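In: compute the structure for the input listed below.
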Amino acid sequence: MRLVPDLVLTDAGWQPGRAVMVEGGRIATIEPVHRLWPSDVMLAGKALLPGTVNAHGHTFQSLLRGLGDDLDFMGWRDRVLYPFSEKLDRAGIALGAAFAFAEMLLHGATTCVDFFYLHDSGNENAGAVIDAARRVGIRLVLARAMYDWEGAPRRYRETVADAARRTRELIAAHRGDATTRVQPAPHSPHGASSAMIRAGWEVAEAEQVPFHIHVAEGRDEGERTLAEHGATPIRYLDALGVLGPRMIGVHCVWLDDDEIALMGARGAALAYCPSSNMFLGDGITRIPELRSAGVRIALGTDGGSTNNRLSVFEEMRMASLLQRVRLLDGSALDAECAFAMGTRAGASILDLDAGVIEPGKLADLVAVNLDDPSLHPRTDLLKAVVYAMSSRAVSDVWVHGRQVVASGRLTTVDERELLARVTELTKGWSISTAAR
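Out: Model prediction:
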């Protein structure tokens, strides 16, 4: 397959007159267009970009969208997340995943991390999420949660031995998959015991993969970790021996200067979710300081009920604007940096060959309509993509060389049928019906 757009975004910038050849799910060549071939996929009036990488989310939570609006984190957790997650059987979990994946693809996200914890003492529910990803056509990193806090619903919890064994088994089962990776995810310093966190790290070390963990999302988490473990979250993780290059800390809002320096010194990464942190009133992660310390940073949307949108392009904009207002500095985080966080940096921390258009990389690509009013006047196209572009400009999406969105519509599933199923499942849901 050869794609022929008006412009291609490469490391050299926007390149006209180039064709992108795709073979076996990867970019084979980027070559000048000397002549057109009958088989060319013509993308007239469009620019080709790397697909975005959603480095953190919870797909089933898209079914809970709107239920927890205007609640703080604890209110959302106790009145929405816990009771409504109990309503979902395996079919409902798969439907929520497909619903979230569909929205992400339509917004140009070609890779999604699903931090998944509705296990019911097994891997079958995770398998349903993986099947949904294949069906809808997104690249999936299934961050298999490891959770043993007694305050959480029973279906979330496992023993340390069971969680480690099941995570290893799921990794092994999908080791050869072209579009699925499985990585361990001890939930958090409050949701996972020290033994569970160590077990997650040990699985990551043995399998040579990253591991994911929520860290310092709310101000109270630092106080709680200090009271229970005698250290703030990052210091606690360092004392456990797990703070290092394999760790992807999610959120990391409430860190002091020394914790920021420690994350950088240990080579840890961050999945930053600016819209979710705003939505729940959690705070603002100190991105310029973390970057200066050497922390690798990607962007995530978080769940569909704590954002409530699933667009990494939007997270690029929010990341930049938040740092500007926090520091009262309009140059605090520029468009090029924000775009990289949502593409190549996300792929890098997940150990994926994606996020950039160059030979040998995965063919995860997005075409945007250059005629969309949000991209005019044409002053600086990359800045327009980050700061101005409407989601309607996303016209076509390929994952592993497979076209999954064409002319703004999914090619893999019937959108109307999908939405009808979501409507039927969630009919009558409200906070007042949570216990029914």
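
In: please count neighbours and contacts with C-alpha atoms only from this point.
Out: Fine.

In: residue ranges in the protein under the pLDDT threshold?
Out: For the chain, the stretches flagged by pLDDT under 70 are 433-436.

In: quick check: domain ranges of it?
Out: 2-49+356-410, 52-349 (automatic domain parsing).

In: show me where the stretch 1-150 of the chain has strands.
Out: Secondary structure of the stretch 1-150 of the chain (DSSP state E, counting those that start in this stretch): strands at 2-10, 13-16, 18-23, 26-32, 41-50, 52-54, 109-116, 139-146.

In: between the ones you listed, which one is nearest to Ala347?
Out: strand 52-54 (6.4 Å; CA to CA).

In: ok, that closest one: who's next to it in the sheet?
Out: strand 109-116 (parallel) (DSSP bridges).

In: I'd say Ala319 and Ala338 touch.
Out: Yes: counting by CA atoms under 8 Å, Ala319 touches Ala338, with 6.9 Å between them.

In: need the strands of the stretch 1-150 of the chain in TSV (columns: mean neighbour count).
Out: Output for the strands of the stretch 1-150 of the chain, formatted as TSV (neighbours: other CA atoms under 10 Å):
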stretch	mean neighbour count
strand 2-10	21
strand 13-16	14
strand 18-23	21
strand 26-32	18
strand 41-50	20
strand 52-54	34
strand 109-116	28
strand 139-146	27
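
In: beta-bridge partners for Ile297, please?
Out: Leu270.

In: share the number of residues neighbouring Asp380, please.
Out: 10 (other CA atoms under 10 Å).

In: measure it to Val386 for me?
Out: Noted for Asp380: a distance of 10 Å to Val386, by CA to CA, to the nearest Å.

In: go on, Ser430?
Out: Applying CA to CA to Ser430 and Val386 gives a distance of 35 Å.

In: more neighbours: those two, which one.
Out: Using other CA under 10 Å, the more surrounded residue of Ser430 and Val386 is Val386, with 23 against 16.

In: quick check, that one in a strand?
Out: No: counting by DSSP: H, G, I helix; E, B strand; the rest coil, Val386 is not found in a strand; it is helix.

In: touching, it and Val312? I think so.
Out: No: counting by CA under 8 Å, Val312 is not a contact partner of Val386; they are 9.7 Å apart.

In: list the residues that contact the residue lying closest to Asp353 once chain neighbours are set aside.
Out: What sits nearest to Asp353 in space, not counting adjacent residues and going by CA to CA, 6 or more residues apart in numbering, is Lys361, at 5.2 Å. By CA atoms under 8 Å, 6 or more residues apart in numbering, the contact list for Lys361 reads 26-27, 353-354.

In: distance to Val41 added to those, as a markdown table?
Out: Below are the contacts of Lys361 laid out as a markdown table (distance: CA to CA, whole Å):
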| residue | distance to Val41 |
| --- | --- |
| Arg26 | 16 |
| Ile27 | 14 |
| Asp353 | 23 |
| Ala354 | 21 |
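
In: quick one: which of these is nearest Gly283?
Out: With CA to CA as the yardstick, the closest approach to Gly283 among those comes from Ala354, at 30.3 Å.

In: next one: the residue nearest to Asp353 from Val399, what distance?
Out: 12 Å.

In: go on, Ser193?
Out: Ser193 is 37 Å from Val399, by CA to CA.

In: looking at the two, which is more packed in?
Out: Val399 (24 against 18).

In: bridge partners for the more buried one, pull those for me.
Out: If you apply DSSP bridges, the partners that Val399 bridges to are Arg402.

In: that one contacts Thr110, correct?
Out: Yes: Val399 is within contact range of Thr110, at 6.0 Å (criterion: CA under 8 Å).

In: need the overlap of contacts for these two.
Out: 138-139, 364-365.

In: Glu282 and Glu217, how far apart?
Out: Just so we're on the same page, residue 282 is Asp rather than Glu. 6 Å.

In: what do those two both touch?
Out: Joint contacts of Asp282 and Glu217 (CA under 8 Å, 6+ apart) are Val253.

In: which SS class is Ile248?
Out: Strictly by three-state DSSP, Ile248 counts as strand.

In: circling back to that earlier point, got the strands of the stretch 1-150 of the chain as TSV, with distance to Thr426 columns?
Out: TSV is the format used below for those (distance: least, CA to CA, whole Å):
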stretch	distance to Thr426
strand 2-10	40
strand 13-16	44
strand 18-23	40
strand 26-32	39
strand 41-50	34
strand 52-54	25
strand 109-116	20
strand 139-146	25
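
In: most neighbours of all the shared contacts of Val399 and Thr110, which one?
Out: Busiest of the shared contacts of Val399 and Thr110 [other CA under 10 Å] is Asp364, holding 31 neighbours.

In: does it really touch Thr110, like I thought?
Out: Yes: between Asp364 and Thr110 there is a contact under CA under 8 Å: 6.1 Å.

In: quickly list what's touching both of the two.
Out: 51, 397-399.

In: tell me the one of the shared contacts of Val399 and Thr110 nearest Asp257?
Out: Arg139 (35.4 Å).

In: do you know how far that closest one is from Cys112?
Out: Counting by CA to CA - Arg139 and Cys112 are separated by 6 Å.

In: and if you look at Gly137?
Out: From Gly137 to Cys112 the distance is 11 Å (CA to CA).

In: and for Gly244?
Out: 23 Å.

In: for Arg144, same thing?
Out: In terms of CA to CA, Arg144 sits 13 Å off from Cys112.

In: just His56 next, same as before
Out: 7 Å.

In: do the same with Glu358
Out: 21 Å.

In: quick check: Gln15 vs Ile30, distance?
Out: In terms of CA to CA, Gln15 sits 10 Å off from Ile30.

In: give me phi/psi at Leu382?
Out: phi -60, psi -40 (degrees, to the nearest 10).

In: my read is that it contacts Ala335, right?
Out: Yes: counting by CA under 8 Å, Leu382 touches Ala335, with 7.2 Å between them.

In: is it true that Glu223 touches Thr232?
Out: Yes: assessed by CA under 8 Å, Glu223 is found in contact with Thr232 at 7.2 Å.

In: who's more crowded, the two?
Out: Each of Glu223 and Thr232 has its neighbours counted (other CA under 10 Å); Thr232 has more, 24 against 16.

In: any chance you could read off phi and psi for that one?
Out: Dihedral angles (degrees, to the nearest 10) for Thr232: phi -70, psi 170.

In: correct me, but it touches Thr225?
Out: Yes: the pair Thr232 / Thr225 is scored as a contact, 5.6 Å apart, by CA under 8 Å.

In: cheers, nothing more for now.
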